[in-house]
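# task: produce atomic coordinates for the following.
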Amino acid sequence: MTQRQQKEHEEKQEVPSELADLVEAIQGLPAPARDQVEAALERVVDSTRRRRRILSLVQDALSQLRLDMKYLMFDLEATRRERDDYRRQLEEAS
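As a prediction, the model looks like this:
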């Protein structure tokens, strides 16, 4: 696979299929027409990739937050149990 084919393959995976289809259609245009829209198309493709990366980062952060919350809830419950046990021991000792 050539470097250009590799790049096109990566683009297809990083952007929605409709946008990948648009990229292919624009690449098939005659040079003067293609030159007019290529810069705008690149900006759209780049912003789509950036949004996907940001969305992935946000999803990862939310997953980590959910896990952290589960650990915190577990720790809170354990602390409450310990507190209740110590209170019971104090009451029994009195």
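# what residues are up against the nearest residue to residue 34 once chain neighbours are set aside?
Closest residue to residue 34 apart from its sequence neighbours, by CB to CB, 6 or more residues apart in numbering: residue 26 at 5.9 Å. Glycine gets a C-beta too; all of them are placed from N, C-alpha and C. By CB atoms under 8 Å, 6 or more residues apart in numbering, the contact list for residue 26 reads 34, 37, 38, 41.
# mind checking pLDDT for residue 26?
Residue 26 is assigned 90 on the pLDDT scale.
# OK, contacts around the spatially most central residue of the chain?
The chain has residue 56 as the residue nearest its centroid, 0.5 Å off, counting by CA atoms, centre = their mean. Residues near residue 56 by CB under 8 Å, 6+ apart: none.
# quick one: it from residue 14, how far?
Distance, residue 56 to residue 14, by CB to CB, to the nearest Å: 11 Å.
# among the contacts of residue 26, which lie within strands?
Counted as lying in strands by DSSP state E, out of the contacts of residue 26, is not a single one.
# just for the protein, where's the confidence low?
1, 3-13 (pLDDT under 70).
# and the strands in it?
Under DSSP E, the chain gives no strands.
# now the helices: where do they sit in the chain?
Ranges of helices in the chain, per DSSP state H, are 3-14, 17-27, 31-93.
# ok, back up a step: neighbour count and distance to residue 52 added to the contacts of residue 26, as TSV?
Output for these, formatted as TSV (neighbours: other CB atoms under 10 Å; distance: CB to CB, whole Å):
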residue	neighbour count	distance to residue 52
34	13	25
37	13	22
38	15	21
41	15	17
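# would you turn these into a markdown table with distance to residue 61?
Below are the contacts of residue 26 laid out as a markdown table (distance: CB to CB, whole Å):
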| residue | distance to residue 61 |
| --- | --- |
| 34 | 39 |
| 37 | 36 |
| 38 | 34 |
| 41 | 30 |
